[in-house]
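**Q** build the 3D model from these lines:
(chains A and B)
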Amino acid sequence: MTVREIVEKLNLRVFSGAEGLDKEVTGGYVSDLLSDVMGFAKDGSVWVTLQTHKNVMAIAALKELAAVIIVKGFEPEDDAREVSDEEGIPILGSSEQTFELAGKIYNLLNP
Amino acid sequence: MKLEYDVAAGDFTRAGFASSSIKKALKQLGVSPAVVKRVVIAVYEAEVNIVAHANGGRITADIEPDGINVVLADTGPGIPDVEKAMQKGFSTASKEVREMGFGAGMGLPNIKENADSLRIETEVGKGTTLYIYIKF
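**A** Numbers count the residues shown, from 1 in each chain, chains lettered A, B, ... in the order given. Okay, the predicted model is just below:
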């Protein structure tokens, strides 16, 4: 499944990094602790978080994640969007909270 | 190949610059992705530790045919109890740093788990130097 398909199926907002929408998603990771993601997220995953700052994108790029999804209607900071565009890693947004959103993504990836 | 970077204290907007640059160099050299991933984790965590805890520091990466040596030397408060600092969940990070999602007490454990060798030299009030080696 591509990032774009997840965006369409879950009606997510695309804040930035639209160039990466056709990336293949191979899994997901949910955490607001950056070192947790750094240590344990797998490349190709979508990362669900409520963090909105630039370091999220530094980690997403280093870990070669497919996309970052920000929950609860939060919006990414401008410099985070810049890195997202540079790296072609989309930042997406949802008004839902983590539990519901993660469940839906899980179901999409594990039909 | 030798790569060197200065790391400024408190500048989280630049955190990850050295790790990213080292990652690119290793990929260009054709180092296996599994090894590159471990180097990235170890160096990023150590880089962030300098930003979050020290007064600044310098990262030197020495890429040899069979492995990479990374030395991360900072001037800063030093680590009074290294054994404690190595424990998962232990952190002395400020509230502001924690609110960003750093300071979960996972940095040094992440480094140890991904490095083939980790040596820490530290002196309270002076600074800390990490020696990380990862073989290819």
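**Q** what's the longest helix in the chain?
**A** You didn't say which chain, so I picked chain A. helix A:98-109 (DSSP state H).
**Q** that was the other one, I meant chain B.
**A** helix B:33-53.
**Q** circling back: export the longest helix of chain A as CSV, just CAs?
**A** Written as CSV, here are the backbone C-alpha positions of helix A:98-109 (Å, rounded to 0.1, in the frame of the first residue of the first chain):
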residue,chain,number,x,y,z
THR,A,98,-3.6,8.0,18.1
PHE,A,99,-5.6,4.9,19.2
GLU,A,100,-8.3,5.1,16.6
LEU,A,101,-6.0,6.2,13.8
ALA,A,102,-3.4,3.5,14.5
GLY,A,103,-6.1,0.9,14.6
LYS,A,104,-7.3,2.0,11.1
ILE,A,105,-3.8,2.0,9.7
TYR,A,106,-3.2,-1.5,11.2
ASN,A,107,-6.3,-2.8,9.5
LEU,A,108,-5.4,-1.3,6.1
LEU,A,109,-1.9,-2.8,6.3
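**Q** how far out from the middle of the chain is it?
**A** 12 Å (Cα atoms, centre = their mean, to the nearest Å).
**Q** which residues in chain B form helices?
**A** Going by DSSP H, chain B shows helices at B:17-28, B:33-53, B:82-85, B:95-99, B:107-114.
**Q** export the ones you listed as a markdown table, with columns for distance to chain A.
**A** C-beta here means a position set from N, CA and C on the backbone, and glycine is covered the same way. Shown next, in a markdown table, are the helices of chain B (distance: least, Cβ to the nearest Cβ, whole Å):
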| stretch | distance to chain A |
| --- | --- |
| helix B:17-28 | 6 |
| helix B:33-53 | 5 |
| helix B:82-85 | 14 |
| helix B:95-99 | 9 |
| helix B:107-114 | 4 |
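**Q** if we can go back for a sec, average model confidence for the longest helix of chain A?
**A** Mean pLDDT, computed over helix A:98-109, is 98.
**Q** for it, buried residues please.
**A** A:T98, A:L101, A:A102, A:I105, A:L108 (16 or more other Cβ atoms under 10 Å in any protein chain shown).
**Q** same question for stretch A:37-53.
**A** A:37-39, A:41, A:44-49, A:51-53.
**Q** how about the residues of chain A by chain B?
**A** A:32-36, A:38-39, A:43, A:49, A:51, A:53-56, A:58-59, A:61-63, A:79 (Cβ under 8 Å from any Cβ of the partner chain).
**Q** spatially nearest residue to residue 41 (excluding sequence neighbours)?
**A** Using chain A here. Take A:A41 and drop its neighbours on the chain: the residue closest to it by Cβ to Cβ, 6 or more residues apart in numbering or on different chains is A:Y29, 4.0 Å away.
**Q** my bad, the chain I had in mind was chain B
**A** The nearest residue in space to B:I41 (Cβ to Cβ, 6+ apart) is B:N114, at 4.6 Å.
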